[in-house]
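**Q** This is the structure alone, sequence omitted:
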């Protein structure tokens, strides 16, 4: 039976996807600045045998709605926001198997230093690091960093491509497999002939350096990507090992998944779809939970988030005015608009968006007792051919505790969820193969030039 | 009685200061890629009531000696090397009081993202973060990052000055003290009128951004600096709260300390001097330890490290040729050369340098039983007017365990070392005052423009 993979989808901020949930009296997400909050979360996820914790990130404030950041700041919509990388070491020290998928934008930092950060995390976690490669889409982030305007959509992918080439070279071609001798008697830590200078003189990056780190267990972290545009899919097909997709129904997502798999052939990719689950021991308990949570949804924060994601200032529309999707400020987020149009139909209105956003986001929740949730998840797998889910949070950590205590046993009893972790690195766990990328992935090809670099 | 402050001085690499010690059979520093190694170190230091762990960093390979990185890589001289920031969260989760002084180079990363990293660490550690501000001096680092050549010495300080102005603005002037309401009933996480856009259009940096993080306990981390040149001292006097100095004798360091204190007036700065201690229950036990350790000193690695620090290729000198200090490749490290000349006298030779480097560095160890070590440390405090020590590692972790088990009780019995931690943040512990910087520090001045920003 096909096994379902599970990530918790989170962000180091009070308001991630379901806006307003931080105001629920049992929600603890406003404790996001405490290490103990994250350590307990990681331990909870490991108890639930989750494959990973997927951490989102964004580098600017959401200021499209009403041309101002006010609503986003008032509602804590993905700001304030900590650096997700720095949460990992403490969580890794408290767990043994949980993977960590960290979102990092390639646009603003030199690959030489980024590569060291990822190698450091891969060492410290014993090979449990994944990287969600994003190129950013917010004008506010570009302005924040002294660039204006935001790079054009396709240019951003060219930039990312070059960034990856440099990072791959550092990770895969820098240190031969047997470069480190650690020979105390001979006083040889590393054999310098087996450590290679990485030189590149590209359009965006010049580098002439040895990678600062010896090889970490996975070398290149497990690569996630979430681009849904045509260019984004081509990029994902070339680079990603795991792809994160969104969509309101299996029928809509099915086409996207089939396209991604066809483009990636012969590489096998894993596809995770975003999902929100509200469960309870009975149908009425689940409905009550939903009704309780829904009273905490923040409509203004929802609109602030949606406006930024869609590039459309929804403050300029009446509740029943059809939203003009062509008004979107940027090519960059056309794929979000397409998803919205597919979810809500053409000529959708603000009222329609808010009606759908029962918990404060456009992602409709799966609501019901464990058997119903398991049915719904299975339907996704069967109908849309996805491999697993990125579970958004609602009221934290109770939403995950409910899921783990109620839904996980149901999935296990159906034989579609593991009852223990496999051994090995994040990559080995996810794909059942080796710790490092294999050909024909472009990173692996950089390594295979020499037989001693495997 | 004046209290002695203590930092452990370390680096996430097998070979930090005393080159070759990783080859000792009891040394564990080659385990630097394991989280448990760092967690145990932090717990050991907290048992010894150390004020902080000071982590060095460098962004290039040492390739001055013989015009090649071979000797440095063979001897693991500060490479391979992990990112020091990422060690902190796991250590912070396992301790309550220990401070963390992290070296970060301002030259290659945007202050907007750096400021978020530091704020994140300050949040996660509950205000136990310090930052050693460095500008870098290695041509290999500049080349690695696509710059050539290295910026000139004084330009680097101008660059750092501008970087600090941006970082201070984000930390101190971004969010008013009462910007965060966390008002669940009113659905107000933060009051946007109290969050300020930081705009700067400088020579090096353009920024137009709100700081991504709400205020952390210390806002600006405790500021360390280690520049010994004239320009470096001026920079330290303006910015640093703690200054790290080196020198072989109290007489030599005394002048430097007096100059730093005079320049910093009216601000009170804390001065830490580098020290290496080898102790034992008796004088003969300490001497035996030294003799044992000394057999593991790596002369070639010592020369590789010294060549890079001095900017002089020592491979080109015979053992007894006077080294021509004017041959140094760069202005940047003249201060290191001056220290060397003061230590070894004018016309010093490679033989002299190696004779001094009994444990693999130019820093002469203090060797003896606890009373002797305490006398020597007290002499430093009295004669050179330093406040404490950055203790280099030799054989790890036994050198620290010895110090904590033997020397710390001796210092305590003399009334010159604390018997418990004070409450509060790193800054409050070190200075006995508030959590945030006070006027006339330039960072505090950015905050004091508005009465509600204290």
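**A** Received the coordinates, thanks. Because the structure is a prediction, the values reported are computed rather than measured.

**Q** Report the contact partners of residue A:398.
**A** Contacts for residue A:398 (Cβ atoms under 8 Å, 6 or more residues apart in numbering or on different chains) come out as A:26, A:27. Backbone N, C-alpha and C define where each C-beta goes, glycine included.

**Q** distance of it from chain B?
**A** 16 Å (Cβ to the nearest Cβ, to the nearest Å).

**Q** Local confidence estimate at that residue?
**A** The confidence metric pLDDT takes the value 97 at residue A:398.

**Q** For the longest helix seen in chain A, which helices and strands make contact with it?
**A** Ranked by residue count, the top helix of chain A under DSSP state H comes out as helix A:153-173. Counting contacts by 3 or more Cβ pairs under 8 Å, 6 or more residues apart in numbering or on different chains; DSSP states H and E, helix A:153-173 packs against helix A:111-124, strand A:198-201, helix A:230-239, helix A:442-447.

**Q** right, and the helix or strand after that helix?
**A** strand A:180-183 (DSSP states H and E).

**Q** Could you list the residues in contact with whichever helix or strand comes after that next one?
**A** Next in sequence after strand A:180-183, counting helices and strands by DSSP H and E, comes strand A:188-190. The list of residues contacting strand A:188-190 from outside it, by Cβ under 8 Å, 6+ apart, reads A:175, A:179-183, A:214, B:14-15, B:22, B:30, B:73-76, B:80.

**Q** Find the pair from the residues you listed with maximum spatial separation.
**A** Between all members of the contacts of strand A:188-190, the longest pairwise span (Cβ to Cβ) is found for A:175 and B:22 and amounts to 17.6 Å.

**Q** Which positions in the stretch 101-250 of chain A make contact with chain B?
**A** Within reach of chain B by Cβ under 8 Å from any Cβ of the partner chain, the stretch 101-250 of chain A has these residues: A:108-110, A:112-113, A:116-117, A:119-121, A:123-125, A:140, A:143-146, A:180, A:182, A:184-185, A:187-192, A:195, A:205-210, A:212-214, A:216.

**Q** To residue B:425, which of the helices and strands packed on helix A:153-173 lies closest?
**A** Ranked by Cβ to Cβ, the member of the helices and strands packed on helix A:153-173 that lies closest to residue B:425 is helix A:111-124, at 25.4 Å.

**Q** now for the closest one, which elements pack on it?
**A** helix A:88-93, strand A:99-105, strand A:129-134, helix A:153-173, strand A:206-209.

**Q** Go through the longest helix of chain A and flag the buried ones.
**A** By neighbour count, with 16 or more other Cβ atoms under 10 Å in any protein chain shown as the criterion, the buried positions of helix A:153-173 are A:153, A:156-173.

**Q** for that helix, the distance to its chain's centre please.
**A** In terms of Cα atoms, centre = their mean, to the nearest Å, the centre of helix A:153-173 is set 18 Å apart from its chain centre.

**Q** Over to stretch A:313-332?
**A** 26 Å.

**Q** Now do the SS call for the one residue in the stretch 301-450 of chain A that gets nearest to chain B.
**A** Going by Cβ to the nearest Cβ, chain B is nearest to residue A:301 of the stretch 301-450 of chain A, at 7.9 Å. The three-state label for residue A:301, taken from DSSP: H, G, I helix; E, B strand; the rest coil, comes out as helix.

**Q** Which residue lies closest in space to it, excluding its sequence neighbours?
**A** Of all residues not flanking residue A:301 in the chain, residue A:75 sits nearest, at 2.8 Å (Cβ to Cβ, 6 or more residues apart in numbering or on different chains).

**Q** Could you do residue A:48 as well?
**A** Nearest residue to residue A:48 in three dimensions, chain neighbours excluded: residue A:404, at 3.4 Å (Cβ to Cβ, 6+ apart).

**Q** cool, and residue A:27?
**A** Once chain neighbours are set aside, the closest to residue A:27 by Cβ to Cβ, 6+ apart is residue A:395, at 4.6 Å.

**Q** Could you pull up the residues touching residue A:245?
**A** For residue A:245, the set of contacting residues under the criterion of Cβ under 8 Å, 6+ apart consists of A:226, A:228, A:253, A:256, A:257, A:260, A:271, A:272, A:273, A:274, A:386.

**Q** now, which of the residues you listed lie within strands?
**A** Restricting those to those inside strands, with DSSP state E as the criterion, leaves A:271, A:272, A:273, A:274.

**Q** Mind pulling up the pLDDT for the residue nearest to residue A:235 when sequence neighbours are not counted?
**A** In space, and not counting its chain neighbours, residue A:235 is closest to residue A:157: 5.2 Å by Cβ to Cβ, 6+ apart. Residue-level confidence at residue A:157 comes out at 86, pLDDT.

**Q** what does the one 5 residues further on give?
**A** We note a pLDDT of 93 for residue A:162 in this prediction.

**Q** For residue A:169, see how far away it is.
**A** 11 Å (Cβ to Cβ, to the nearest Å).

**Q** swap in residue A:45?
**A** The value you get for residue A:45 to residue A:169, if Cβ to Cβ is used, is 33 Å.

**Q** hang on, the earlier thing: mean neighbour count and mean pLDDT for the helices and strands packed on helix A:153-173 - can I get that in CSV?
**A** As requested, these are exported to CSV (neighbours: other Cβ atoms under 10 Å in any protein chain shown; pLDDT from 0 to 100):
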stretch, mean neighbour count, mean pLDDT
helix A:111-124, 25, 97
strand A:198-201, 15, 91
helix A:230-239, 20, 93
helix A:442-447, 19, 93
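
**Q** quick one: low-confidence parts of the stretch 51-200 of chain A?
**A** A:137, A:147-153 (pLDDT under 70).

**Q** Correct me if wrong, but residue A:367 is in a helix.
**A** No. Counting by three-state DSSP, one finds residue A:367 to be strand, located in no helix.

**Q** give the contact list for it.
**A** Residue A:367 is in contact with A:277, A:278, A:279, A:286, A:287, A:289, A:290, counting by Cβ under 8 Å, 6+ apart.

**Q** Now the fifth one: closest residue in space, sequence neighbours ignored.
**A** In space, not counting the residues next to it along the chain, residue A:287 is nearest to residue A:367; the distance is 6.6 Å by Cβ to Cβ, 6+ apart.

**Q** cool, the first one as well?
**A** The shortest distance from residue A:277 to any non-neighbouring residue, by Cβ to Cβ, 6+ apart, is to residue A:366 (4.9 Å).

**Q** ditto for the fourth one
**A** Among residues not flanking residue A:286 along the chain, residue A:280 sits closest, at 3.8 Å (Cβ to Cβ, 6+ apart).

**Q** residues in contact with residue A:369?
**A** By Cβ under 8 Å, 6+ apart, the contact list for residue A:369 reads A:279, A:280, A:281, A:282, A:283, A:285, A:286, A:406.
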